[in-house]
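Undergrad: Quick one, structure for this:
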Amino acid sequence: MSTKTLAELPRNEQDDFAAVCAEHGLETVQFLVYVEELYPVVGGGCIQRQAYVERSSNQVARTYPAGFGASWIIAFSVDLVEGEFD
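TA: Next comes the predicted model:
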């Protein structure tokens with residue numbers, strides 16, 4: 001298993017997360033973000049990814065299946081629209 005902070009993620013994921021935050025008048029520093037990559041055991045298969053996002057001001061947190069790329073950021077954006085992090 002490997003854990004990466006937002007700063008360690010690919011640039012496109014960092015940029016997409018920052019853009020979503022900006023759309024809602026927020027900054028990335030207001031959130032703790034990390035992605036866990038769970039490597040499969042013997043037998044192969046895909047690397048499973050899971051993103052964890054927590055708003056620092058109120059400790060509201062959500063976990064998203066991260067799949068391939070930045071799909072988790074879309075779910076994060078929906079949660080912001082729905083007020084899940086307020």
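
Undergrad: okay, CA-based contacts and neighbour counts for the rest of this
TA: Noted.

Undergrad: sec struct for residue 85, please.
TA: coil (DSSP: H, G, I helix; E, B strand; the rest coil).

Undergrad: Tell me who's in contact with it.
TA: 55, 60, 61, 79 (Cα atoms under 8 Å, 6 or more residues apart in numbering).

Undergrad: any chance of these in a markdown table, plus neighbour count, distance to residue 14 and secondary structure?
TA: Supplementary listing: the contacts of residue 85 in a markdown table, determined by neighbours: other Cα atoms under 10 Å; distance: Cα to Cα, whole Å; DSSP: H, G, I helix; E, B strand; the rest coil:
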| residue | neighbour count | distance to residue 14 | secondary structure |
| --- | --- | --- | --- |
| 55 | 17 | 16 | strand |
| 60 | 13 | 20 | coil |
| 61 | 15 | 18 | strand |
| 79 | 14 | 18 | helix |
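
Undergrad: Show me which helix runs longest in the chain.
TA: Criterion DSSP state H: the longest helix present in the chain is helix 11-23.

Undergrad: Go through it and flag the buried ones.
TA: Of all the residues in helix 11-23, those buried under the rule 16 or more other Cα atoms under 10 Å are 13, 14, 17, 18, 19, 20, 21.

Undergrad: How about stretch 55-65?
TA: 55, 63, 64, 65.
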